[in-house]
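Enquirer: output the structure for:
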Amino acid sequence: MIVTAMLLAPALGLSEVEGQQAPVVLHTSTEQIPLKAYAEMMRVGTLRLASGSSRDIPTVTDVSYFRCSLTGWSPKGVLVSSEELFTSEYAERRLLPVSIRPLAVSTVAARAADLEKPERLTALGTAVKAPEGGDQLYFFLILSSGDLTRYYPFRIATPKQ
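Expert: Next up is the predicted model:
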C-alpha cells in the first residue's frame, strides 16, 4: 500500500512528502520539509539528538506552519535557543505559543506567528544570546504525548545586518 502511494505520488502531482505522508512537516512559502531529527531533554537540562543527526536539521528562509500527523502527539509550542542548549543547562531559551487547527482525524496544522516576523526573529536571537546571522540560533517544534516530549529542531536563515 505504501509502495503504491510512493509510485503514484508523481503521477498524481503530489510531492514526495505528500505521497509518503511524513509525520512532521515544516511548510515554508515554497516547499515542504520533513523534520526527521528530534531531540529529547536530558535530566541535566540539555537537549540530545535522539533520532537523526545534525545533518538532518534543516535551515529554511521562512516558516508558514507545521503539519503534524503523529497519532497521539500534539504540538505544544516552539522553543528558541542557541546551540549552547546542547551543552549547557544554563542556555537562554524562550517558548513561543502555537495555534492549532485540525486538518484530519489525527493531523493538525500548528502555526507560531512570531516565526513569521523577521524583526521578531532578530529580537529572539538577541534574547537567547545567539550570534548574529542565525547559524547558531535553533528553533524546536515541541510535540508531546503524555509523559514523552520530542523537540524537532530547525533553523531559520536570517540576513546578517
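
Enquirer: name the SS class of the residue nearest the centre of the chain, please.
Expert: Central residue check for the chain by C-alpha atoms, centre = their mean: the C-alpha nearest the mean position is that of Leu141, 4.1 Å away. Per DSSP: H, G, I helix; E, B strand; the rest coil, the local secondary structure of Leu141 is strand.

Enquirer: the nearest residue to it once chain neighbours are set aside: which element?
Expert: Take Leu141 and drop its neighbours on the chain: the residue closest to it by C-beta to C-beta, 6 or more residues apart in numbering is Tyr152, 4.3 Å away. No exception for glycine: its C-beta is placed from N, CA and C like everyone else's. Using DSSP states H and E, Tyr152 sits in strand 148-156.

Enquirer: name the residues of that strand that come out as buried.
Expert: In terms of neighbour count (16 or more other C-beta atoms under 10 Å), strand 148-156 has its buried residues at Arg150, Tyr151, Tyr152, Pro153, Phe154, Arg155, Ile156.

Enquirer: which one of the residues you listed is nearest Thr122?
Expert: Proximity of these to Thr122 (C-beta to C-beta) peaks at Ile156, which lies at 10.7 Å.

Enquirer: where in this protein is pLDDT low?
Expert: 1-20, 133-135, 158-161 (pLDDT under 70).

Enquirer: cutoff 90 now
Expert: Scanning the chain with the threshold set as pLDDT under 90 gives 1-22, 117-119, 121-122, 125-126, 129-137, 146, 157-161.

Enquirer: ok, which stretches of it are helices?
Expert: Here the chain has its helices, by DSSP state H, at 2-11, 16-20, 118-127.

Enquirer: please name the nearest non-neighbouring residue to Ser81.
Expert: Using C-beta to C-beta, 6+ apart, the closest residue to Ser81 is Arg93 (4.1 Å).

Enquirer: ok, now Ser88?
Expert: Thr46 (6.5 Å).

Enquirer: do you know how far that neighbour is from Gln136?
Expert: 15 Å (C-beta to C-beta, to the nearest Å).
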